[in-house]
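In: A structural model of the following input is requested.
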Amino acid sequence: MCLSRLVAGVHHPSDVAAGALLGAATAVAGRRLLTGGDGPS
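Out: Below you'll find the predicted structure:
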């Protein structure tokens, strides 16, 4: 999906990178919140 947005000229590469970083950070925070820790030990 992000590649098609770049090719179409809708977003700049920095927009896509920032979105990916924000999504990854949200996923990590959600996992920690739901599991109560850093993951499996």
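In: so where's the chain uncertain?
Out: Filtered on pLDDT under 70, the chain yields the residue ranges 1-2, 38-41.
In: how about the helices in it?
Out: All helices of the chain, identified by DSSP state H, fall at 2-7, 13-35.
In: helices and strands around the shortest one, which ones?
Out: Under the contact definition 3 or more CB pairs under 8 Å, 6 or more residues apart in numbering; DSSP states H and E, helix 2-7 sits against helix 13-35. Bear in mind the C-beta positions are built from the backbone N, C-alpha and C, glycine included.
In: Would you mark the buried spots in the helix it packs on?
Out: The neighbour-count check on helix 13-35 (16 or more other CB atoms under 10 Å) flags Val16 as buried.
In: so what does it touch, helix or strand wise?
Out: helix 2-7.
In: Export the helix it packs on to CSV, keeping only CA atoms.
Out: Extracted in CSV, the C-alpha atoms of helix 2-7 (Å, rounded to 0.1, in the frame of the first residue of the first chain):
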residue,chain,number,x,y,z
CYS,A,2,2.7,2.5,0.9
LEU,A,3,4.6,1.8,-2.3
SER,A,4,1.5,2.6,-4.4
ARG,A,5,1.0,5.9,-2.6
LEU,A,6,4.6,6.8,-3.4
VAL,A,7,4.3,5.9,-7.0
